[in-house]
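Engineer: Sequence first, predicted model second:
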Amino acid sequence: MKATILNTRLLQQVTELCQQRGVRLTSQRQQVLELIWQQKGSATAYELLDKLKQTEPQAKPPTVYRALEFLLEQGFIHRVESTNSFVSCCFFDEHDCHGQHKHFSHLLICDQCGDVTELQDETLIKRLTKNINAHGFKLTNHVIETHGVCKSCQ
């Protein structure tokens with residue numbers, strides 16, 4: 001019951017953000033996002049496709065990839081590069097004055113159960129921002145991935 005209420009609130013936030021940004025949250029994009037929310041850890045595109053086919057048998061890989069691209073662009077999900085999978089973003093409502101998604105992500109990835117935890121550490125963010133600015137670097141994406149074993153699996 002709690003997950004349903006939480007997902008309803010999240011979906012309302014996502015819908016409002018899409019309206020504010022002038023982008024369209026199609027039913028397929030919404031379904032892919034909800035499938036990601038249902039995952040304990042991250043999910044690959046093909047795992048999402050298999051689940052999507054349960055309600056949309058005609059779904060093909062491009063359907064999922066287009067939805068994932070949109071969700072990434074809007075900052076609603078993260079790509080876990082090391083496992084080529086996707087996880088929901090816990091801080092998707094953080095944007096700069098141009099509407100660009102702008103937070104740093106630090107993902108803790110359990111190599112045993114696949115659970116992914118997203119962290120926000122203001123001290124780390126300030127340090128990274130200082131280093132980026134000192135080198136005149138233009139940031140396009142920032143995710144730190146840390147692999148290990150979660151407390152539950154230890």
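Structural biologist: Structure received.
Engineer: low pLDDT regions in the protein?
Structural biologist: Low-confidence segments of the chain, defined by pLDDT under 70: 1-6, 92-103.
Engineer: Can you show me the strands along it?
Structural biologist: Assigned strands in the chain, in chain order: 77-80, 85-88, 105-110, 116-119, 143-148 (criterion: DSSP state E).
Engineer: any chance of these in a markdown table, with mean neighbour count and distance to Thr129 too?
Structural biologist: Using the backbone N, CA and C atoms, a C-beta is placed for each residue, glycine as well. Formatted as a markdown table, the entries for the strands of the chain read as follows, by neighbours: other CB atoms under 10 Å; distance: least, CB to CB, whole Å:
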| stretch | mean neighbour count | distance to Thr129 |
| --- | --- | --- |
| strand 77-80 | 22 | 19 |
| strand 85-88 | 23 | 23 |
| strand 105-110 | 19 | 14 |
| strand 116-119 | 17 | 16 |
| strand 143-148 | 13 | 13 |
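Engineer: want to throw those into CSV with distance to Gln20?
Structural biologist: What follows is these, written out as CSV (distance: least, CB to CB, whole Å):
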stretch, distance to Gln20
strand 77-80, 18
strand 85-88, 19
strand 105-110, 22
strand 116-119, 23
strand 143-148, 24
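Engineer: Of those strands, which is nearest Lys40?
Structural biologist: Each of the strands of the chain was scored for nearness to Lys40 using CB to CB, and the closest is strand 116-119 (8.7 Å).
Engineer: Just give the nearest non-adjacent residue to the most centrally placed residue in the chain, would you?
Structural biologist: Ranked by distance to the mean C-alpha position of the chain (CA atoms, centre = their mean), the top residue is Ile77 at 1.5 Å. In space, and not counting its chain neighbours, Ile77 is closest to Leu71: 4.5 Å by CB to CB, 6 or more residues apart in numbering.
Engineer: For that neighbour, give me its contacts.
Structural biologist: Leu71 makes contact with Arg29, Val32, Leu33, Ile36, Ile77, Phe86, according to CB atoms under 8 Å, 6 or more residues apart in numbering.
Engineer: That one and Ser88, how far apart?
Structural biologist: Noted for Leu71: a distance of 9 Å to Ser88, by CB to CB, to the nearest Å.
Engineer: for His106, same thing?
Structural biologist: Separation of His106 from Ser88 (CB to CB) stands at 15 Å.
Engineer: and what of Phe70?
Structural biologist: Distance, Phe70 to Ser88, using CB to CB: 14 Å.
Engineer: Fine by me, thanks again.
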